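Student: sharing a model that was predicted from the sequence below.
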Amino acid sequence: MVNKFAACAETQDGSGETTLAPETQAPSAATTVAETEPEETLVGDDVPELDFKGEEIVILGRNRDWVADEIIVSDENGTIVNDAVYKRNSLVTDRLGIELTFQGVGATNSTDNYAVRDALRKFIDSGAEDVDLVSNAAYVAASTQAEGLYRNLTDVENLDLSKPYWSQGLNTAMEVGGAQYLCSGAIFLSYYRFIFATFFNVDMFNNAGIELLYDTVEKGEWTLERQFTLAEQLYKDNNGNGETDEGDFFGFMGNHDMIGVDGYWASFELPILTKDEEGYYKYALDLERTGKAVELINDFFWNNRGVMRVNYKSGDTEQDDIAQSFANEEAAMVTLRLYECENDLVGMSNYGIVPLPKLDGNQEINRSAIHDSFSVYSLPNFSFTDDELSMLGAVLEVMASQSFKTITPAYYEQALKGRYVNDPQSVAMLDDITQNVWIEAGILNCNAIEAPHKTFRDAIKNKYPNAKKYRHLFDAGIFAILKL
């Protein structure tokens with residue numbers, strides 16, 4: 001951004017009543033997703049009428065295809081989500097009198113989530129203040145907050161993070177000691193795309209005379225123990241050799257040594273970090289509950305012939321393999337991100353979607369997990385003037401509010417509910433899934449606290465029988481809690 005200047009406020013713009021779903025609270029997280037109503041009924045922003053006279057706003061971000069198209073697209077192409085992003089940007093640029101430019105970092109489709117962080121470090125070290133907004137993977141941005149790379153967002157004029165188009169769950173997780181450096185929500189497609197859910201083959205359940213999982217969830221009985229039973233019940237030894245091996249039909253297929261187990265932190269309500277009286281992080285891991293979780297997950301993956309374990313592949317491409325196997329009807333249940341609705345599952349009409357299972361029947365709500373690579377925005381710690389910060393606050397706020405009105409309905413309603421999901425019960429279940437997302441500060445700040453959630457992965461991969469026995473591994477980060 002060169003020769004920036006502020007515009008004068010003239011009139012208030014953006015009003016309306018919110019039609020939001022109720023918030024759901026978790027010990028370290030909460031999130032709100034709008035029920036997609038007609039645009040005119042959705043809550044608006046409070047940014048006044050502004051004109052920045054063609055100012056260029058440069059956004060630094062990842063080149064990877066699953067996130068680049070959530071920021072800028074070159075033109076309309078007749079596809080729902082692409083055209084919604086194009087419309088959002090057109091409305092934002094027209095309203096504020098700006099130009100949006102995307103500066104991608106890394107090779108096309110690179111899986112290096114640290115490239116943006118490294119590029120920002122170079123900008124700050126060299127004094128070259130050539131970008132205005134930074135988009136990056138949440139866990140990378142969160143784990144580097146203490147480096148001083150970002151500006152505090154809580155005092156930026158025109159930016160109101162309490163609005164429902166911002167993720168209140170992320171706000172709760174990321175606000176530390178009265179400061180907050182990252183924001184996300186409706187402004188990013190990945191906030192929806194990266195939610196984990198259980199996909200199941202409706203026809204296979206019906207043919208086996210098994211209650212569909214929608215009803216199991218509604219009755220509060222969707223637990224890992226129930227999934228264990230179903231996986232065994234639905235398994236078929238296709239080659240008749242009496243062994244569980246490739247070529248059999250599995251009740252469940254999933255990754256057991258990487259992101260495939262991360263979702264259990266949320267679905268089992270296992271907080272890693274909470275806040276002390278001063279608003280700083282404190283270690284909160286419940287070893288008893290975590291121990292029970294490790295035992296149950298190990299039993300599920302290693303002692304159930306109906307479960308097919310899929311090893312991690314670089315770039316999380318094992319998720320594509322699982323989705324393709326599910327589309328080929330090689331498994332009755334899988335854990336996947338909603339993003340797969342846009343790819344390997346396109347054309348498959350006989351699947352349903354429900355949340356991940358609970359730890360046990362004592363847990364009231366089926367919580368949803370979100371992959372920690374979803375995108376967040378930050379303001380680089382450059383020497384912005386107050387007027388420049390006010391302009392960038394307006395850009396973020398209007399992009400978020402307009403995304404709420406254009407992109408969220410397009411993706412959530414037309415794409416997920418209309419084009420990709422043909423089951424009306426899954427439509428209702430998607431509302432529950434997105435409304436009950438649990439964002440865990442201990443996972444987003446993983447690299448700052450010795451990553452206890454990675455030990456959770458190791459405990460499953462290596463068949464540790466009991467988390468309490470390995471307490472020293474889970475407690476490794478207790479003295480390294482992040483304070484900003």
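Tutor: Perfect, thanks for sending it.

Student: show me where pLDDT drops low in the stretch 151-300 of the chain?
Tutor: Counting by pLDDT under 70, the stretch 151-300 of the chain shows no low-confidence range.

Student: where in the stretch 301-450 of the chain is pLDDT low?
Tutor: Judged by pLDDT under 70, the stretch 301-450 of the chain has no weakly predicted residues.

Student: so which residues of it form strands?
Tutor: Listed in chain order, the strands found in the stretch 301-450 of the chain under DSSP state E, counting those that start in this stretch are 307-310, 331-337, 351-354, 375-378.

Student: then the last one to CSV, C-alphas only?
Tutor: As requested, C-alpha coordinates have been extracted for strand 375-378 and formatted as CSV (Å, rounded to 0.1, in the frame of the first residue of the first chain):
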residue,chain,number,x,y,z
SER,A,375,-7.2,-19.4,7.4
VAL,A,376,-6.9,-16.4,9.7
TYR,A,377,-6.3,-12.7,9.0
SER,A,378,-3.7,-10.6,10.8
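
Student: now do it: distance to the chain's middle.
Tutor: Per CA atoms, centre = their mean, to the nearest Å, the displacement of strand 375-378 from the mean C-alpha position of its chain is 12 Å.

Student: using neighbour counts, pick out the buried residues of that strand.
Tutor: For strand 375-378, a neighbour-count test (16 or more other CB atoms under 10 Å) marks 375, 376, 377, 378 as buried. For the C-beta atoms, the positions are set from N, CA and C on the backbone; glycine is no exception.

Student: can I get these in JSON lines with distance to residue 102?
Tutor: As requested, the buried residues of strand 375-378 are arranged in JSON lines below (distance: CB to CB, whole Å):
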{"residue": "375", "distance to residue 102": "12"}
{"residue": "376", "distance to residue 102": "16"}
{"residue": "377", "distance to residue 102": "13"}
{"residue": "378", "distance to residue 102": "16"}
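
Student: which one of those residues is nearest residue 119?
Tutor: residue 378 (12.9 Å; CB to CB).

Student: so what's residue 337 up against?
Tutor: Neighbouring residues of residue 337 by CB atoms under 8 Å, 6 or more residues apart in numbering: 193, 194, 195, 196, 197, 319, 371.

Student: try 10 Å
Tutor: Residue 337 is in contact with 66, 190, 192-197, 259, 263, 316, 319, 323, 369-371, 373-374, counting by CB atoms under 10 Å, 6 or more residues apart in numbering.

Student: which stretches of the stretch 1-150 of the chain form helices?
Tutor: Secondary structure of the stretch 1-150 of the chain (DSSP state H, counting those that start in this stretch): helices located at 65-68, 80-96, 115-126, 138-143.

Student: tell me the most buried of those?
Tutor: Neighbour counts (mean count of other CB atoms under 10 Å) averaged over each of the helices of the stretch 1-150 of the chain peak at helix 138-143, with a mean of 24.

Student: the helix or strand just after it packs against which elements?
Tutor: Once helix 138-143 ends, the next helix or strand along the chain (criterion: DSSP states H and E) is helix 168-174. Using 3 or more CB pairs under 10 Å, 6 or more residues apart in numbering; DSSP states H and E as the contact criterion, the elements in contact with helix 168-174 are strand 24-26, strand 29-31, helix 138-143, strand 273-275, helix 441-444.

Student: what residues of stretch 307-321 count as buried?
Tutor: Counting neighbours by 16+ other CB under 10 Å, the buried set in stretch 307-321 is 307, 308, 309, 310, 312, 316, 318, 319.

Student: swap in stretch 154-165?
Tutor: If you call a residue buried by 16+ other CB under 10 Å, then stretch 154-165 has these buried ones: 156, 157, 158, 159, 160, 161, 163, 164, 165.

Student: touching, the third one and residue 395? I think so.
Tutor: Put plainly, it is residue 158. Yes - between residue 158 and residue 395 there is a contact under CB atoms under 10 Å: 8.5 Å.

Student: need the overlap of contacts for those two.
Tutor: By the contact definition CB under 10 Å, 6+ apart, residue 158 and residue 395 are jointly contacted by 47, 50.

Student: from the chain's centroid, how far away is the host helix or strand of residue 250?
Tutor: Using DSSP H and E, residue 250 maps to strand 250-255. Computed by CA atoms, centre = their mean, the separation of strand 250-255 from the middle of its chain amounts to 22 Å.

Student: CA atoms only: put that strand into PDB for me.
Tutor: In PDB, the C-alpha atoms belonging to strand 250-255 read as follows (Å, rounded to 0.1, in the frame of the first residue of the first chain):
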ATOM      1  CA  PHE A 250     -14.900 -52.000   6.300                       C
ATOM      2  CA  GLY A 251     -17.300 -50.500   8.700                       C
ATOM      3  CA  PHE A 252     -15.000 -47.500   9.200                       C
ATOM      4  CA  MET A 253     -11.900 -46.200   7.400                       C
ATOM      5  CA  GLY A 254      -9.800 -43.400   8.800                       C
ATOM      6  CA  ASN A 255      -6.400 -41.900   9.500                       C
END
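
Student: what's the least confident stretch among the helices of the stretch 1-150 of the chain?
Tutor: Mean pLDDT is lowest for helix 65-68 out of these, coming in at a mean of 81.

Student: export it as CSV, just CAs?
Tutor: What follows is helix 65-68, C-alpha atoms only, in CSV (Å, rounded to 0.1, in the frame of the first residue of the first chain):
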residue,chain,number,x,y,z
ASP,A,65,-5.6,-24.1,-4.2
TRP,A,66,-7.9,-25.0,-1.3
VAL,A,67,-7.3,-21.5,0.2
ALA,A,68,-6.2,-19.2,-2.6
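
Student: helices and strands around that helix, which ones?
Tutor: Where contact means 3+ CB pairs under 10 Å, 6+ apart, helix 65-68 is packed against strand 55-62, strand 98-105, strand 133-137, helix 190-193.
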